[in-house]
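# structure for the following, please:
(2 chains)
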Amino acid sequence: MAIAREAEERTLTLTVNGQEVKAAPGQTLLQVARAMGVEIPTLCHDDRLEPYGACRLCLVEVEGARGPVPACATKVNDGMVVQTHTDKIRRLRKFVLELLLSNHPLDCPVCEAAGDCRLQDYAYEYEVNMSPWGWTPLNFETRDDHPNVARNPNRCILCGRCVRICRDVMGIGCWGFTNRGYDTIIDTPYNLPLQEVGCVSCGQCISTCPVGALNHKRSRYAARHWQTEKTRTVCPYCGVGCELILHTSRGKLVRVTADVGSGVNNGNLCVKGRFGMEFVNSDERITSPMVRDEEGNLVETTWDVALDRIEQNFKRIKSESGGKAFAVLASAKCTNEENYLLQKFTRAVLGTNNIDHCARL
Amino acid sequence: MGATETPRKPAPVHPRRVTPDVEIGICLGTGGIAAGGEDVLAAFEEGLAATGVFGVVKPREDVCEGACSSITGTGCRGMCAMDVLVDVTLRKDGRESTVTYGTVTPAMVRKIIEEHIVGGQPIEKWIVLSADQPTSHNEFYQYQDRLVLRHCGKIDPEDIDDYLEEGGYQGLYKVLTQMTPTQVHEEIFASGLRGRGGAGFPTGLKWKFAAEAPSVDGQKYFICNGDEGDPGAFMDRSVLEGDPHVVFEGMAIGGYAIGASEGYIYVRAEYPLAIKRLKIALKQAEERGLVGGNVMGTDFRFHLKIKEGAGAFVCGEETALMQSIEGKRGMPRLRPPFPAISGLWARPTNINNVETLACVPWIITNGAPAFAARGHEKSKGTKVFALTGKVKRSGLAEVPMGLTLREVIFKIGGGIKNDKPFKAVQMGGPSGGCLPEELLDTRVDYEELNQTGAIVGSGGMVVLDGDNCIVDTAKYFLQFTQAESCGKCVPCRVGTKRMLEILERICEGQGQSGDLALLEDLAQNVKAGSLCALGGTAPNPVLTSLKYFRQEFEEHIYDHKCRAGACAALTVYWIDAEACTGCRACARACPVDAITGEKKEPHIIDPEICIRCGACYEKCRFDAVRRQ
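Here you go, the predicted structure:
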């Protein structure tokens, strides 16, 4: 405890771009810079993953260091003097972007990631017009046979985020680096179909891909990123309460994402939350309460009518047969609070202990 | 148990029982075997048995009455240009004489036995080295100081008793019985030994860091990096093949110094002979209690494992190497944390190169001052170089640090093949640099070489003459690093490819004005931006070539000329009708039938068909084939 408190109390002071700033031991330069509003570009970094240092965009200058250091992985020290946007650093970043664009397909007009693509953003920010070494787009052949995950390795910048999120966060490891040097590609083991290598279709790889190499197959060509309206909400599937962002266009749900650094899920989603939303747009979806008419057919009605009908029938059954005639099954889609209320209602109002929860099944 | 036992001083279990009258030592390193060493050995066995006088015996097992002989397969002794090398030692009337024959073939063996061994008359014309009289090759060893290679070519690497007889494992015994771990790393630090893998970091300091690093469960690891991958380098291979126990001993001493009880030897799978001999040696060392549990009866444990690499050059980088041992893809990771703090399986780990470790037992046995007495300024001891290319005596040379490149190339190497003019030397393999004649007086010294833009590196020294094109050579090395990049970081993966494309177009005569500026800019950025040393040093051959041989690049671009005649697209071959005798040698050599002409009449090369391979140029004895 004493050690923990000491660490908490110790603050470091460093200078970033001439501005003094306090930081906690263990923080990285990237974290400190972002907290003070200094935007350092990154492609291979995801807050959900360990620092990797591959893209070389976050290189910054630290006084006394032998060369530029990656901000994503460099821990702060007391008295550090850091420059994040010197001419030299900006040139190096531009150089890296030029290299990436020297073999990137540049099919942005039809790329799903356009408008939500780090490479596009940084190319703009660093004024990368054209690579000085010409343009030789990658031309890998690959299988693209997964129902949810669309892949295009030619757009891949090999940041390894998909590899790492699948292995380190999901504990699976569907993706890996294959081949060496310029021929390196991210692929499944032995180029097997993704579904045969343990993929649980969570789409986490899509969520971390900074470019358009991995994207939602079911919403291809549905709407551009800037055409959709974003609504922050909670996933209806289970009691975890993951935060979702619903992307809708012309009244239709086209895509579901989640924000890293927000909600209980911190940007992570499961197969249901990410891909199980097609029911929203279904013609067969029930959108109003229904009651049976005299012939026994279900007809749409209002909540007032429906709840009245329920009240009448509950009262009738209870008076005829007693509370034990009821059995209640609670849903995992409800929150804890809702489930609590349901068991209270079952025991106190209906008068039975016959309540169970679907999560037990 | 263990600690209560008395430490056992290592000694040969099977001492020699006889001193044969004839001893044959045959080089059976990879070079020796490739040159036919095993056939030579078989010829000696057969031939000596057939003499009826010198029965072949095993000196540690057999006894003999009357005259007898023994045959030993040894590791590489360095003079690889002369393989198969055979030492013949004769003992007669209390006198012992040894001569070394070079380029021995099975056909020569019969004559050596007849005239020299039986007849007593050495065959002068085949002798390359002799204790009695100097030969033209004496210079090869004269300037060397063989400390790392002290046993190579002398002992049988598959017989631990040979190593023990040479004082093997005495260094380990000394540290276990007389020294504390701290004293050990201080002794190594005092010797001035620096990493021989290329970076030149002080070994004693590295050990100190690993010794002082805390480990969550007490486990630490000691790794030997035997993933020697530079084209043209074979120093570590020779040590592993010729003297495997010295590496085990060095590792065990290091393990004791840092507190590691487990060690890994990471050897590239392309070294099958080294792996085979390491496995034999490890089994023998374990049986004798020299590694494993309770080493030499003390409570020091040091278990060794041999890990074969899977063919990736980048696994010579220490963090990639550890990933590879862990069963992952060999890709470098960020440092810090350095391996001394968090290495293999996140435990404090020390990694040293083979040659570094081979120095360690010697330093412990002979003391740090003896090692520090050799060398120059901050570079102490000796360094083994793999001398290859257009040099007369290619091979392995171990020299005291501080010798000049000129001495190594012209004294030890004997100068340039066919006495052509020296053009350049590529120092330090694909991470090193290409140095011109003006820099030949540069010393073999970490700091001095770094100033030139080259590096000591692992010790590759490729010598070039006028027939080598500088642009083509730079392209070759870049091709190598480009293909061996792990693909992780952008500057190395994509940047080296873009550099290579520029070099390729220059070699093909498609170079454009501005290409050199582009190339230099790329090279500087790849160097500055790469994640690990592979990318960080990959541009060195290009940068040094541009610095010292810029004119040759410009000739390629602006004059469409390759002065070495090595770039096919820029070279034209024709026949000088005055000089041509019509001997047809060129026409016979031409693989595409581009040369026509009647016998005894001047010939003509059809440039449309000619593929510019240069076969005719090599063949012509009258200098009639010209090229430009």
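
# distance of the residue of chain B found nearest chain A from residue B:464?
Ranked by CB to the nearest CB, the top residue of chain B for proximity to chain A is residue B:487, at 2.8 Å. In short, each C-beta sits where N, CA and C put it, glycine included. Here residue B:487 is placed at a distance of 30 Å from residue B:464 (CB to CB, to the nearest Å).

# okay, now the closest residue to the residue of chain B closest to chain A other than its chain neighbours: neighbour count?
Of all residues beyond its chain neighbours, the one nearest residue B:487 is residue A:184 (2.8 Å), with distances taken as CB to CB, 6 or more residues apart in numbering or on different chains. Residues near residue A:184, counting by other CB atoms under 10 Å in any protein chain shown, number 19.

# measure residue A:184 to residue B:592 for me?
37 Å.

# can you check residue B:335 too?
52 Å.

# the two: who's more crowded?
Shown here are residue B:335 and residue B:592; by other CB under 10 Å, residue B:335 has more neighbours (15 against 11).

# name the helix or strand for the nearest residue to that one once chain neighbours are set aside, please.
In this structure, residue B:335 finds its nearest non-sequential neighbour in residue B:319, 6.4 Å apart by CB to CB, 6+ apart. Taking DSSP states H and E as the criterion, residue B:319 maps to helix B:318-325.

# against which helices or strands is that helix packed?
Here helix B:318-325 touches strand B:221-226, strand B:262-267, strand B:349-353, going by 3 or more CB pairs under 8 Å, 6 or more residues apart in numbering or on different chains; DSSP states H and E.

# so for residue B:61, which of those sits nearest?
strand B:262-267 (29.2 Å; CB to CB).

# okay, the helices and strands packed on helix B:318-325 in a markdown table with mean pLDDT next?
Converted to a markdown table, the helices and strands packed on helix B:318-325 look like this (pLDDT from 0 to 100):
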| stretch | mean pLDDT |
| --- | --- |
| strand B:221-226 | 98 |
| strand B:262-267 | 98 |
| strand B:349-353 | 97 |
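
# need these in JSON lines (columns: mean neighbour count and distance to chain A).
Listed next are those as JSON lines, based on neighbours: other CB atoms under 10 Å in any protein chain shown; distance: least, CB to the nearest CB, whole Å:
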{"stretch": "strand B:221-226", "mean neighbour count": "28", "distance to chain A": "19"}
{"stretch": "strand B:262-267", "mean neighbour count": "23", "distance to chain A": "18"}
{"stretch": "strand B:349-353", "mean neighbour count": "27", "distance to chain A": "19"}
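
# want to try TSV for those, with distance to residue B:455 as columns?
TSV is the format used below for the helices and strands packed on helix B:318-325 (distance: least, CB to CB, whole Å):
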stretch	distance to residue B:455
strand B:221-226	17
strand B:262-267	22
strand B:349-353	14
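
# outline the domain layout of the chain.
Just so you know, I chose chain A. Listed by automatic domain parsing, the domain ranges of chain A are A:2-85, A:222-285, A:290-360.

# could you do chain B instead?
Taken from automatic domain parsing, chain B resolves into B:22-137, B:167-371, B:375-465, B:470-559, B:572-627.

# pLDDT averaged over the first one - what is it?
Same thing as domain B:22-137. The pLDDT scores in domain B:22-137 average 90.

# start and end of it, how far apart?
End-to-end distance of domain B:22-137: 24 Å, with CA to CA, to the nearest Å as the criterion.

# same thing with the fourth one?
Separation of the first and last residues of domain B:470-559 by CA to CA is 16 Å.

# average pLDDT for the lengthiest helix in chain A?
Assignment by DSSP state H gives helix A:303-321 as the longest helix of chain A. Average pLDDT, helix A:303-321: 96.

# confirm that residue A:344 sits in a helix.
Yes: counting by DSSP: H, G, I helix; E, B strand; the rest coil, residue A:344 is located in a helix.

# low-scoring stretches of chain A, by residue?
A:1-9, A:361 (pLDDT under 70).

# interface residues of it facing chain B?
Proximity of chain A to chain B (CB under 8 Å from any CB of the partner chain) is limited to residues A:51-56, A:59, A:67-68, A:70, A:73, A:91-92, A:95-96, A:99-100, A:102-103, A:132-133, A:157-158, A:160, A:176-177, A:179-184.

# any of the residues you listed buried? List them.
A:51-56, A:59, A:68, A:70, A:73, A:91-92, A:95-96, A:99-100, A:102-103, A:133, A:157-158, A:160, A:176-177, A:180-182, A:184 (16 or more other CB atoms under 10 Å in any protein chain shown).

# so who does the residue in the stretch 251-361 of chain A that chain B sits nearest to touch?
Nearest residue of the stretch 251-361 of chain A to chain B (CB to the nearest CB) works out as residue A:260 at 21.2 Å. Residue A:260 makes contact with A:46, A:47, A:48, A:266, A:267, according to CB atoms under 8 Å, 6 or more residues apart in numbering or on different chains.

# residue A:254 now?
Applying CB under 8 Å, 6+ apart, the residues near residue A:254 are A:219, A:222, A:223, A:228, A:247, A:248.

# tell me how far the residue of chain A most remote from its centre lies from residue A:313.
In chain A, counting by CA atoms, centre = their mean, residue A:320 sits farthest out from the average C-alpha position, at 52.2 Å. Distance of residue A:320 to residue A:313, computed by CB to CB: 10 Å.

# for residue B:377, same thing?
Distance from residue B:377 to residue A:313, by CB to CB: 99 Å.

# which one's more surrounded, these two?
More crowded of residue B:377 and residue A:313, by other CB under 10 Å: residue B:377, with 13 against 10.

# with adjacent residues omitted, what lies nearest to that one?
In space, residue B:377 is closest to residue B:445, 6.5 Å off (CB to CB, 6+ apart).
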